[in-house]
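Student: output the structure for:
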Amino acid sequence: MKLGTLKHAVDHKPTAEDFAIIEADRPDYPPDGVLVRVVHLSLDPYVGSRLRGRHMGEPAPVPMQGAIPGAIIGQVVESRAKDLNEGDWVHAMEGGWQEYVALAANEVRKIDPGIAPLAAHAGVLGMPGLTAWAGITQLAKVGAGDTVLVDAAAGPVGGTVGQIARIKGAKRVVGIAGGPEKCALVTDTYGFDECVDYKSDGWRDRLAEALPDGLSVFFENVSADMAMLALTHAQTYARGVLCGLVDAYHTETQSQHPLNAGLIIGKRAKLYGLVVYDFYPRWDEYVAEAAPWIKSGQLKFAEDRAEGLENAPALFERLMNGKNKGKAVVTVAPEGL
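Tutor: I've put the predicted structure just below:
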């Protein structure tokens, strides 16, 4: 079978040249586990940091041996697990860049292929969607009358954040994204009221104009500097969700990202650190709430797709450079056997 791995250890932003697609033996699976045929592979920004051993204490993969980490959607082809049968569709966070993966029963989550397109379980119904739902409904608790600012609004997390905020009653949702195409995605597909292009001249002034009454909630995916900028527009008692620091994933050193304590105190702001792992036990709860939103058209999503595991490195490089439009997904194999 094919397996995607690192050619060598990396200490920089990964490029397609850092990866190799090699042949490997099909893995054996544990007594209580399953063998899964990988169909869709999720590519996510945090993996760039994980490849350098700098994500939540998780080790970097061993070059020319270990598969690149990544969530997968796949179909069980062999099972020794009590509640999993051949043909079941599953999601696994630790599937990786490979055509087949062996997993213990507690490492997979059975999914319903009838509630949404299968690849959606890697994005809007996967970790990006769960992240957005957790931040908006469980931490910031967005409701009627809120004004919400979302950074990296064209991404699969940010785009879902804004839509769930609207569903939960927000009166105004403003996004920040890079470039006219991404801003068009934010407003035309995701339905934000406005999107500010941070690559354009005078964008900070336009952000102020987009928030004439300030904001009551912000969702930060990029940097501490952007979080502090959001706070300058915050109403008193605003809530902020600090989800990611994408700008720091590929820096040479891990900076401390100082926050302006005086500004936080003055605004009486409440800041929440969001680690989506805390919400894995509630994944099915999220899917049950979100699936009807998808069916009704309230919750939309976009995908940046590649076909074949051999094309994963190029799509991952595009993701690392912020050139993807929507959730990055690699279709490794056909959905039908």
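Student: where does the chain dip in pLDDT?
Tutor: Across the chain, the ranges flagged by pLDDT under 70 are 54-56, 246-257, 337.
Student: redo that, cut-off 80
Tutor: 53-58, 245-258, 337 (pLDDT under 80).
Student: how's it carved up into domains?
Tutor: As given by automatic domain parsing, the domain ranges for the chain are 2-116+302-331, 127-278.
Student: and stretch 314-327, end to end?
Tutor: End-to-end span of stretch 314-327 (C-alpha to C-alpha, to the nearest Å): 15 Å.
Student: can you list the buried residues in that stretch?
Tutor: Leu315, Phe316, Glu317, Arg318, Leu319, Met320, Asn324, Lys325, Gly326, Lys327 (16 or more other C-beta atoms under 10 Å). All C-beta spots, glycine's among them, are computed from the backbone N, C-alpha and C.
Student: show me what contacts the third one?
Tutor: When you say that, I think you mean Glu317. Glu317 is in contact with Pro14, Thr15, Ala16, counting by C-beta atoms under 8 Å, 6 or more residues apart in numbering.
Student: coming back round to it: which of the domains of the chain sits closest to Asp284?
Tutor: Ranking the domains of the chain by proximity to Asp284 (C-beta to C-beta) places domain 2-116+302-331 first, at 7.6 Å.
Student: quick one: the strands in the stretch 201-337 of the chain?
Tutor: With DSSP state E, counting those that start in this stretch as the criterion, the stretch 201-337 of the chain has strands at 215-220, 234-242, 270-273, 303-307, 327-331.
Student: quick one, which of the ones you listed is packed in tightest?
Tutor: A comparison of those by mean neighbour count, using mean count of other C-beta atoms under 10 Å, puts strand 215-220 on top with a mean of 27.
Student: what packs against that strand?
Tutor: Counting contacts by 3 or more C-beta pairs under 8 Å, 6 or more residues apart in numbering; DSSP states H and E, strand 215-220 is packed against strand 147-150, helix 156-167, helix 224-232, strand 234-242.
Student: could you say which helix or strand holds the spatially most central residue of the chain?
Tutor: Centroid-nearest residue in the chain: Pro128, 3.5 Å away (criterion: C-alpha atoms, centre = their mean). Here Pro128 sits within helix 127-133, counting by DSSP states H and E.
Student: show me the contact partners of that helix.
Tutor: Against helix 127-133 from outside (C-beta under 8 Å, 6+ apart): 42, 44, 71, 93, 123, 155-158, 160-161, 164, 219, 243, 274, 276, 279-280, 282-283, 286, 289-290, 327.
Student: give me the buried subset of those residues.
Tutor: Here, 16+ other C-beta under 10 Å leaves 42, 44, 71, 93, 123, 155-158, 160-161, 164, 219, 243, 274, 276, 279, 283, 286, 290, 327 buried among these.
Student: roughly how far apart are the residue nearest to Leu211 when sequence neighbours are not counted and Arg206?
Tutor: With sequence-adjacent residues excluded and distances taken as C-beta to C-beta, 6 or more residues apart in numbering, Leu211 is closest to His233, at 4.8 Å. From His233 across to Arg206, the span is 12 Å (C-beta to C-beta, to the nearest Å).
Student: got it, and Val90?
Tutor: On the measure of C-beta to C-beta, Val90 and Arg206 end up 45 Å apart.
Student: one more: Glu23?
Tutor: 52 Å.
Student: and the longest helix seen in the chain, how far out from the chain middle?
Tutor: Using DSSP state H to define each element, the chain has its longest helix at helix 283-296. Relative to its parent chain, helix 283-296 has a centroid offset of 17 Å by C-alpha atoms, centre = their mean, to the nearest Å.
Student: just want the angle from it to helix 156-167.
Tutor: Relative orientation of helix 283-296 versus helix 156-167 (axes from the mean of the first three to the mean of the last three C-alpha atoms, to 10 degrees): 70 degrees.
Student: counting by contacts, list what helix 283-296 packs against.
Tutor: So helix 283-296, by 3+ C-beta pairs under 8 Å, 6+ apart, packs with helix 127-133, helix 156-167.
Student: which among those is found nearest to Glu99?
Tutor: Glu99 sits nearest to helix 127-133 of all those, at 21.5 Å, using C-beta to C-beta.
Student: in TSV: the strands of the stretch 201-337 of the chain, plus distance to Arg50.
Tutor: Converted to TSV, the strands of the stretch 201-337 of the chain look like this (distance: least, C-beta to C-beta, whole Å):
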stretch	distance to Arg50
strand 215-220	20
strand 234-242	19
strand 270-273	19
strand 303-307	20
strand 327-331	15
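Student: out of His233 and Arg206, which sits in the more crowded spot?
Tutor: Applying other C-beta atoms under 10 Å to His233 and Arg206 shows that His233 carries more neighbours, namely 20 against 17.
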